[in-house]
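Asker: I would like to see how this sequence folds:
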Amino acid sequence: MANRIILNETSYHGAGAIGHLVDEVRSRQFKKAFVVTDKELVKFNVVEKVTRLLDEAGLPYEIFDEVKANPSVEVIKQGVAKFKASGADYLIAIGGGSPIDSSKAIGIIIDNPEFSDVLSLEGVAPTRNKCVPIIAIPTTAGTAAEVTINYVITDEEKKRKFVCVDVHDVPIVALVDPEMMESMPKGLTAATGMDALTHAIEGYTTKAAWALTDALHLEAIRLISSSLRGAVENTKEGREGMALGQYVAGMGFSNVGLGIVHSMAHPLSAYYDTPHGIANAVLLPYVLAFNARATGEKFREIARAMGVKGVDDMSQEEYRQAAIDAVKQLSHDVGIPEKLHMIGVKEEDLVSLSQDALKDVCTGGNPRDCTAEEILEIYKTAF
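Answerer: Next comes the predicted model:
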């Protein structure tokens, strides 16, 4: 069986990466940008770092800043209408996963209008055309939405998040600049960083993993584990390591899928508006314990990548526990809560959450098959 890898056409990494924006716009002969972002990034002058470059180059743009965390179907529809009225011919996504995911949905619908209801994009939608060209500029080090073929939308009416997987939605250019991430507060840095670690670990252990993605995910685990504490303290080295580590994780998991950490985290965001990274971080150790027996020797390599010493002298049980303990320690060090009740999850919702998690598209990639009852037990243990 052949394995597929899909990435950006072009990506730039390191301090000053956004300086390549104007050259990319001009070389591709784009006329007007539709800038998708949120009000907080406008308020704190993060967006201005990008629009200043466009202003200096005389390149026109229009800003759409109505995106919120866990973007909804209605926000996407509003963005589509605004794009059509703007006369723009490309998108610039500035922000974390929510603005970039919103750009993907908007761009897909513009060039595939038969999916304008948004809901029909769930799963692997049979779109025919590439989306409107997107230049993605992440301001968080976590989702790697700038390099993935996935995006997530919230159906507020039914209190559910749904995952869309589409090879036509990958941004053509990613400008991964750690200087764009310096304004992230500690809590957001920690949450998005643990989201990136979850991507790397789930991508490494998912059923579809193979040699190339394994190499990417192990390097991502190493980078994230050695950089996240520094990033939370806003060190230059920490920011740079996280910017690269989360992107490398995205290169891998986008092409092989994830597992039930994400399946279980998605309903938490839909029910309680829980930040996605926090939901993943709380659940990750408990799901690792559930999956351990289905992962062969992979937990040994996870432990090694996270800096655990002496793993070659450990028994299988010992290195599996060492990997879980290393994840718990990192999560604790960056201030992530340990239990679901600490982030507002209600015990009476656990059965419904389990049923929704089982139906999530990520469940099929989990290394260990599971039932709704088994997912419920994980929720209860994590509660």
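Asker: with only the CA atoms kept, save the lowest-mean-pLDDT helix or strand in the chain in CSV.
Answerer: The helix or strand of the chain with the lowest confidence, counting by mean pLDDT, DSSP states H and E, is strand 160-165 at a mean of 91. Below are the C-alpha coordinates for strand 160-165, written out as CSV (Å, rounded to 0.1, in the frame of the first residue of the first chain):
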residue,chain,number,x,y,z
ARG,A,160,-21.2,19.3,18.7
LYS,A,161,-17.9,19.8,16.9
PHE,A,162,-17.3,18.1,13.6
VAL,A,163,-14.1,17.5,11.8
CYS,A,164,-13.6,18.1,8.1
VAL,A,165,-10.8,16.4,6.2
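Asker: ok, the residue most central in space within the chain to residue 19 distance?
Answerer: Per Cα atoms, centre = their mean, the C-alpha nearest to the average position across the chain is that of residue 143, at 2.1 Å. To residue 19, residue 143 is 23 Å away according to Cβ to Cβ, to the nearest Å. The way it works is simple: take the backbone N, C-alpha and C, and place the C-beta from them, glycine included.
Asker: before we move on, back to that, the residue nearest to the centre of the chain against residue 195, yeah?
Answerer: Yes. Taking Cβ atoms under 8 Å as the definition, residue 143 is a contact partner of residue 195 at 6.3 Å.
Asker: so what sits against both of those two?
Answerer: Contact with both residue 143 and residue 195 is made by residues residue 276, according to Cβ atoms under 8 Å, 6 or more residues apart in numbering.
Asker: tell me where the stretch 1-150 of the chain has helices.
Answerer: All helices of the stretch 1-150 of the chain, identified by DSSP state H, counting those that start in this stretch, fall at 21-27, 39-43, 46-57, 73-86, 97-111.
Asker: report the contact partners of the residue nearest to the centre of the chain.
Answerer: Residue 143 is in contact with 96, 97, 100, 101, 192, 195, 196, 246, 250, 276, counting by Cβ under 8 Å, 6+ apart.
Asker: for residue 73, same thing?
Answerer: Residue 73 touches 118, 119, 153, 154, 155, 156, 157, counting by Cβ under 8 Å, 6+ apart.
Asker: kindly recompute the last result at 6 Å.
Answerer: By Cβ atoms under 6 Å, 6 or more residues apart in numbering, the contact list for residue 73 reads 118, 155.
Asker: measure it to residue 256 for me?
Answerer: Residue 73 is 28 Å from residue 256, by Cβ to Cβ.
Asker: likewise for residue 235?
Answerer: 31 Å.
Asker: thinking again about what came up before, now do the same for the residue nearest to the centre of the chain: its pLDDT.
Answerer: With respect to pLDDT, residue 143 scores 92.
Asker: can you give me the angle the least confident helix or strand of the chain makes with helix 97-111?
Answerer: 60 degrees (axes from the mean of the first three to the mean of the last three Cα atoms, to 10 degrees).
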